[in-house]
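J.: Build me a structure from this.
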Amino acid sequence: MTLVAVRFDAAGAVAEEWADALLAAGAISVDITDARAGTALETSLDAASHRWEVARLTALFDPRTDIDAALGRAGSSIGHTPGAHSTATVPEDDWVRRTQAQFRPIRLSERLWIVPSWCDPVDPSALNLTIDPGLAFGTGSHPSTRLCLRWLDANLERGASVLDYGCGSGILSIAAARLGAGSVIGIDIDDQAMEASRANARINAVRARFMRPRSLRSREFDVVVANILADPLEGLAPRLASRVIAGGSIVLSGILEAQAAALVAAYSQWFNIGLWEREEGWVALAGSRRHEHGR
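T.: This next block holds a predicted model:
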């Protein structure tokens with residue numbers, strides 16, 4: 001099958017946001033490079049922000065996709081409008097080779113790795129999660145995903161119940177199950193996310209259930225993790241708080257450093273919450289549900 005490559009330039013400061021939004025809008029993969037590469041203006045990554053001043057994004061789509069609609073959805077979700085874009089056809093075998101070359105094993109901690117299915121584990125004795133890039137967000141390559149995975153590795157207690165809200169590829173659900181969670185439920189509104197999550201759970205031989213929000217019965221969890229974006233996380237605060245048992249934990253990611261204070265304020269009604277860790281301008285917040293509202 002021939003795929004469609006859509007290419008446009010954006011400010012480097014919002015390139016990662018664009019990549020996330022394009023994946024959420026249906027892109028199969030997104031590549032970010034220096035828009036000025038090969039010219040006299042070519043620069044190295046900024047040492048502080050790890051970004052180019054101007055980034056070039058290349059997103060691959062199924063040829064049946066309405067490209068203008070997908071770009072519109074992506075831009076609307078992050079409050080930006082794409083500039084002029086170009087399209088080109090790409091043979092699928094070329095896409096497969098390029099995609100596989102971009103994704104290598106990722107070490108999250110002393111014992112936790114993410115390993116694409118076409119790679120051999122670097123450390124066979126480690127806890128290796130098999131996750132391939134696909135239509136759903138979450139391969140472990142993004143800082144917000146890595147932050148959540150590290151929190152689970154450092155803090156998840158064996159036998160705990162876990163709700164992964166906005167599960168994407170299912171990577172956080174799968175990690176929780178492999179780390180000893182007693183029960184795991186992943187929630188998403190996207191059919192492609194459901195399909196990807198279930199397939200990845202089978203590959204990793206873990207027990208986790210995946211469903212839409214309306215299918216989740218009334219219950220509370222020991223841990224709720226949500227790796228989405230700041231705006232939806234703020235709106236979801238009452239709903240997510242209602243899913244955490246007294247004394248339980250909430251972990252929020254997909255948040256830029258400048259957005260953290262607003263999220264802390266939104267969730268502090270129910271949680272003792274604050275910054276847990278930061279990476280490349282992204283942060284994870286973590287908190288404990290108070291036993292009594294407002295205290």
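J.: For the stretch 101-250 of the chain, give me the ranges with low pLDDT.
T.: 101-103, 133-141 (pLDDT under 70).
J.: Which parts of it are strands?
T.: For the stretch 101-250 of the chain, the strands defined by DSSP state E, counting those that start in this stretch cover 106-107, 112-115, 127-130, 161-165, 183-187, 209-211, 221-227, 244-256.
J.: check contacts around the nearest residue to residue 227 once chain neighbours are set aside.
T.: Closest residue to residue 227 apart from its sequence neighbours, by C-beta to C-beta, 6 or more residues apart in numbering: residue 253 at 4.4 Å. Bear in mind the C-beta positions are built from the backbone N, C-alpha and C, glycine included. Contacts for residue 253 were tallied using C-beta atoms under 8 Å, 6 or more residues apart in numbering; they are 144-145, 147-148, 225-227, 282-285.
J.: who wins for proximity to residue 85 among the strands of the stretch 101-250 of the chain?
T.: Of all those, it is strand 244-256 that lies closest to residue 85, at 24.4 Å by C-beta to C-beta.
J.: Run through who's touching the helix or strand just after the closest one.
T.: Downstream of strand 244-256, the next assigned helix or strand under DSSP states H and E is helix 260-267. Contacts to helix 260-267, defined as C-beta under 8 Å, 6+ apart, come from residues 230, 233-234, 237, 241, 250, 252, 255, 273-275, 283, 285, 287.
J.: Just the buried residues of these.
T.: By neighbour count, with 16 or more other C-beta atoms under 10 Å, the contacts of helix 260-267 hold 230, 233-234, 237, 241, 250, 252, 255, 273, 283, 285, 287 as buried.
J.: Could you dump the contacts of helix 260-267 into TSV and include distance to residue 82?
T.: Below are the contacts of helix 260-267 laid out as TSV (distance: C-beta to C-beta, whole Å):
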residue	distance to residue 82
230	21
233	24
234	25
237	30
241	35
250	34
252	28
255	23
273	34
274	35
275	32
283	26
285	30
287	36
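J.: Now, the residues you listed that are in helices?
T.: 230, 233-234, 237, 241 (DSSP state H).
J.: Taking those residues together, which two end up most distant?
T.: Pairwise distances across the ones in helices among the contacts of helix 260-267 peak at 16.4 Å for 230 and 241 (criterion: C-beta to C-beta).
J.: Turn the strands of the stretch 101-250 of the chain into CSV, columns for distance to residue 121.
T.: Below are these laid out as CSV (distance: least, C-beta to C-beta, whole Å):
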stretch, distance to residue 121
strand 106-107, 11
strand 112-115, 5
strand 127-130, 5
strand 161-165, 24
strand 183-187, 23
strand 209-211, 25
strand 221-227, 24
strand 244-256, 25
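J.: so which of those gets nearest residue 18?
T.: So among these, strand 244-256 is nearest, using C-beta to C-beta, at 13.3 Å.
J.: With only the CA atoms kept, save the closest one in PDB.
T.: Extracted in PDB, the C-alpha atoms of strand 244-256 (Å, rounded to 0.1, in the frame of the first residue of the first chain):
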ATOM      1  CA  VAL A 244      -9.000   7.400  43.200                       C
ATOM      2  CA  ILE A 245      -9.400   5.700  46.600                       C
ATOM      3  CA  ALA A 246      -8.600   7.700  49.700                       C
ATOM      4  CA  GLY A 247      -4.900   7.500  50.200                       C
ATOM      5  CA  GLY A 248      -4.500   6.400  46.500                       C
ATOM      6  CA  SER A 249      -2.200   8.000  43.900                       C
ATOM      7  CA  ILE A 250      -2.800  10.000  40.800                       C
ATOM      8  CA  VAL A 251      -0.100  10.600  38.100                       C
ATOM      9  CA  LEU A 252      -0.600  13.300  35.400                       C
ATOM     10  CA  SER A 253       1.600  13.900  32.400                       C
ATOM     11  CA  GLY A 254       1.500  15.400  28.900                       C
ATOM     12  CA  ILE A 255       2.100  18.700  30.700                       C
ATOM     13  CA  LEU A 256       4.600  21.400  29.800                       C
END
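J.: which neighbours does it have in its sheet, and in what orientation?
T.: strand 221-227 (parallel), strand 282-289 (antiparallel) (DSSP bridges).
J.: In JSON lines, list the ones you listed along with distance to residue 91.
T.: Below are those laid out as JSON lines (distance: least, C-beta to C-beta, whole Å):
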{"stretch": "strand 221-227", "distance to residue 91": "33"}
{"stretch": "strand 282-289", "distance to residue 91": "34"}
